[in-house]
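Engineer: Need coordinates for the below:
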Amino acid sequence: MTDSVLFELRPTANGRQIAVATLNAEKSLNALSLPMIRLLNERLGAWRDDPKIICVLLQGAGEKAFCAGGDVVAMHQAIREGDFSKTDAFFREEYALDYLIHTYPKPVLAWGHGIVMGGGLGLLAGASHRVVTERSRIAMPEITIGLYPDVGGSWFLNRLPGKVGLYLGLTGASLNAADALFLGLADISLPASARTHLPGLLSTLEWSGDSDANRRILSRALRDLAANASVELAPSEVRARWDAIRALTDYDSVDDMVEVITRYQGSDDWLRQGAQKLASGSPTSIRLIAETQRRAKHMSLREVFDMELAVSCQCCRHPDFAEGVRALLVDKDGKPAWSPAALHAVSSDYIAGFFVQPV
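Structural biologist: Below you'll find the model as predicted:
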């Protein structure tokens, strides 16, 4: 049986080691399963405490995806079986992994090539050095499966300028590499072809025993690599539509915002696709997206993950998450029966119940 995560240590020229973790589930676009999460948590913890390890490279196997998100099909099965211990464990341990990456004391380089969605963006967002390529495709499309942008999304989307984070959550909009750089969701772009030479380059650097110095060393190396490489990125979709997004989100009420966004009938395909996803998405998810971002505004990162854990565990105990996964990925009929079916029927009391940790 093939290992779902591959681990490797590469020696450096001055006697230290580069640690490499490769998500190894190409057929599922490197979607995170609970065993993968546990392997990563264990190994990253060991590498953190090993003085010989000075940098971690996190990547996905193959050329299609860094990570397409969590294994929600497995969660759907657990929900159908009524085994919430599995879904609770998944979210608890996934968020622990995300928090570990966010707070890692050593440089973490995440190679965000190809598809980076949901849980994949959760991994990328916490890395100290976030690389995208000309083929990166990034999104938080949870509204389509009755969930909400979790994995710290309530924190990092909230810190984007204006209300663009709320817009991205509501519409599940697809971002390219230039978008990620413009919004601060990535740090640098490199051509996809640079991946082949990256581990070798890291091994040649003059690493020190000081993590802050090593972050600077890695930043300088990536800047030099980018300066000497030729990568042409498609223009930023968000930047080109900044004024339009601002106008669409310039409302105090999420109900008004949803009405205006879904009413869009213009010729812009990017805006129209966002409007369609919002219109067909879970009404409960709409309320959760707005409320999680509202509550997270002044929270610490740890507090956000604690909040998201309660909400995600509750999503498994409410109908829309399982129904959304069924319609999109299991039966694939594209016809989710949301409950409640309309935004006006999703009360504030109903949403408040999602923020109580299940016992």
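
Engineer: can we go C-alpha only for contacts and neighbour counts from here?
Structural biologist: OK.

Engineer: what sits opposite residue 8 in the beta ladder?
Structural biologist: Counting by DSSP bridges, residue 8 forms beta bridges with residue 20.

Engineer: okay, now it: neighbour count?
Structural biologist: Using other CA atoms under 10 Å, residue 8 has 11 neighbouring residues.

Engineer: cool, residue 276 as well?
Structural biologist: 16.

Engineer: Assess the claim that it and residue 262 are in contact.
Structural biologist: Yes: here residue 276 lies in contact with residue 262, judged by CA atoms under 8 Å, at a distance of 6.7 Å.

Engineer: Identify the contacts common to the two.
Structural biologist: Residues touching both residue 276 and residue 262 (CA atoms under 8 Å, 6 or more residues apart in numbering): none.

Engineer: what's the average pLDDT for the helix or strand where residue 111 lies?
Structural biologist: Element membership of residue 111, judged by DSSP states H and E, is strand 108-112. The pLDDT scores in strand 108-112 average 98.

Engineer: Packing partners of that strand?
Structural biologist: Strand 108-112 is packed against strand 53-60, strand 65-67, helix 119-126, strand 129-132, with contacts defined by 3 or more CA pairs under 8 Å, 6 or more residues apart in numbering; DSSP states H and E.

Engineer: Tell me how far the nearest residue to residue 254 once chain neighbours are set aside lies from residue 169.
Structural biologist: Of all residues not flanking residue 254 in the chain, residue 290 sits nearest, at 6.9 Å (CA to CA, 6 or more residues apart in numbering). According to CA to CA, to the nearest Å, residue 290 stands 9 Å off from residue 169.

Engineer: doesn't residue 166 make contact with the residue nearest to residue 254?
Structural biologist: Yes: look at residue 290 against residue 166 with CA under 8 Å: they come within range, at 6.9 Å.

Engineer: of these two, who's got more company?
Structural biologist: More neighbours surround residue 166 than the other of residue 290 and residue 166, with 22 against 18 (other CA under 10 Å).

Engineer: and that one, what element?
Structural biologist: Assigned by DSSP H and E, residue 166 falls within helix 164-171.

Engineer: other SSEs contacting whichever helix or strand comes after that helix?
Structural biologist: Tracing the chain past helix 164-171, the next element assigned as helix or strand by DSSP H and E is helix 177-183. Applying 3+ CA pairs under 8 Å, 6+ apart, we find helix 177-183 packed against strand 137-139, strand 188-189, helix 237-240.

Engineer: for helix 177-183, what is the average pLDDT?
Structural biologist: Here the average pLDDT along helix 177-183 is 98.

Engineer: tell me the secondary structure for the residue lying closest to residue 14 once chain neighbours are set aside?
Structural biologist: Distance criterion CA to CA, 6+ apart; nearest residue to residue 14, sequence neighbours excluded, is residue 206 at 6.8 Å. Under DSSP: H, G, I helix; E, B strand; the rest coil, the three-state class of residue 206 is coil.

Engineer: how much space between residue 206 and residue 194?
Structural biologist: The value you get for residue 206 to residue 194, if CA to CA is used, is 20 Å.

Engineer: The helix ranked longest in the chain versus helix 119-126: what angle between them?
Structural biologist: Longest helix of the chain, by residue count under DSSP state H: helix 84-102. Between helix 84-102 and helix 119-126, the angle comes out at 30 degrees (axes from the mean of the first three to the mean of the last three CA atoms, to 10 degrees).

Engineer: Now do helix 84-102: distance to the chain's middle.
Structural biologist: The chain centroid and the centroid of helix 84-102 are separated by 13 Å under CA atoms, centre = their mean, to the nearest Å.

Engineer: Using CSV, write out every CA atom in that helix.
Structural biologist: The C-alpha atoms that make up helix 84-102 are tabulated as CSV, following Å, rounded to 0.1, in the frame of the first residue of the first chain:
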residue,chain,number,x,y,z
PHE,A,84,-19.6,11.8,14.7
SER,A,85,-16.5,10.8,16.6
LYS,A,86,-14.7,10.4,13.2
THR,A,87,-15.8,13.8,11.9
ASP,A,88,-15.1,15.5,15.2
ALA,A,89,-11.6,14.0,15.2
PHE,A,90,-11.0,15.0,11.6
PHE,A,91,-11.7,18.7,12.3
ARG,A,92,-10.0,18.8,15.6
GLU,A,93,-6.8,17.3,14.2
GLU,A,94,-6.9,19.2,11.0
TYR,A,95,-7.1,22.5,12.8
ALA,A,96,-4.3,21.4,15.1
LEU,A,97,-2.2,20.8,12.0
ASP,A,98,-3.1,24.2,10.5
TYR,A,99,-2.3,26.0,13.8
LEU,A,100,1.0,24.1,14.0
ILE,A,101,2.0,25.4,10.6
HIS,A,102,0.9,28.9,11.4
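
Engineer: Just the buried residues of it, please?
Structural biologist: 84, 86-88, 90-102 (16 or more other CA atoms under 10 Å).

Engineer: Please find the angle between the direction vectors of that helix and strand 108-112.
Structural biologist: Angle between the axes of helix 84-102 and strand 108-112 is 110 degrees (criterion: the same axes, to 10 degrees).

Engineer: Could I get the average pLDDT for helix 84-102?
Structural biologist: For helix 84-102, the mean per-residue pLDDT is 98.

Engineer: which outside residues touch it?
Structural biologist: Helix 84-102 is contacted from outside by 33-34, 37-38, 40-41, 75, 78-79, 108, 122-123, 125-128, 151-152, 301-302, 305, 309, 312-313, 316-317, using CA under 8 Å, 6+ apart.

Engineer: Pull the number of nearby residues for residue 209.
Structural biologist: 12.

Engineer: Find the least confident helix or strand in this structure, judged by mean pLDDT.
Structural biologist: Least confident helix or strand of the chain, by mean pLDDT, DSSP states H and E, is helix 198-204 with a mean of 93.

Engineer: That concludes my questions; thank you for your assistance.
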